[in-house]
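Participant: Task: produce atomic coordinates for the following.
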Amino acid sequence: DDGTTREIDVVLCCTGFKGSFPFLENPDQDARDLYKYVFMTHGDHTIGFCGIVRPNVGSLPVLGEMQARWFAKVFTGAAKLPPADVLRATAAEDKCMHIQSRPLVSHRLGHIVDFSKYMTDLACRVGCKPSMWRLFLFKPRSWLQVMFGPFVPSQFRIHGWGAKPGVFEKTVSEYPCRLFINDIITLSLMYMTMKPTCYFLSLCGLNSFKPVF
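Facilitator: Coordinates of the predicted model:
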């Protein structure tokens, strides 16, 4: 508005990008064709795709970190991948589930995953999912936070491979709010009602309702 002019060489419109891997046999790698969105189902398993998917909610960096922890465990020989036929079958099943759960957008948002469900799945493979019984017996305050507080990724540093004691407790101590007895009672009733219901629905073939805890 003040009449200022500038000489511009390029105007870059950040309208998105197309993922391409020209150094691979299949440069247009679909994340859904990977085993758990990380490993190729054939060939070299020393390549891991960490951060290729995006969470529907939550943080991309912590999701990528969890993928990297799993990749590091496999790469160093501390964990093994299933046989190739299991890799392919699992990837195909997960891709089918992705399409069924997002029929209108799956074709253009093939890189979206359910944050809490996927993080918990990876944590089981890394071996860092918190033991609820150990927390209940020895750290009841942390057990309450994991059970009834927000989904905090630092819970996957409490136990197991790559544990960092104290990180979760420090994180929850900085919450802007606290759990109160009324919240715990309400959430307990919801949990005891919803989990059996969701488990029953998963037994009826609705696998998307299967509880992650």
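Participant: From R88, how far off is L189?
Facilitator: As for L189, its distance to R88 is 43 Å (criterion: C-beta to C-beta, to the nearest Å). Any C-beta I mention is one placed from the backbone N, CA and C, and that applies to glycine too.
Participant: try S101
Facilitator: S101 is 21 Å from R88, by C-beta to C-beta.
Participant: Comparing these two, which shows the higher neighbour count?
Facilitator: R88 (15 against 12; other C-beta atoms under 10 Å).
Participant: Assumed the more buried one was part of a helix.
Facilitator: Yes - with DSSP: H, G, I helix; E, B strand; the rest coil as the criterion, R88 is part of a helix.
Participant: need the contact list for D33.
Facilitator: Contact analysis of D33 by C-beta atoms under 8 Å, 6 or more residues apart in numbering lists 41, 91, 95.
Participant: can you tell me which of those are in helices?
Facilitator: 91, 95 (DSSP state H).
Participant: Return the closest of the contacts of D33 with respect to G160.
Facilitator: A91 (25.1 Å; C-beta to C-beta).
Participant: how deep is that closest one tucked in, by neighbour count?
Facilitator: Counted with other C-beta under 10 Å, A91 comes out at 21.
Participant: F156 now?
Facilitator: Around F156 there are 26 other residues, counting by other C-beta under 10 Å.
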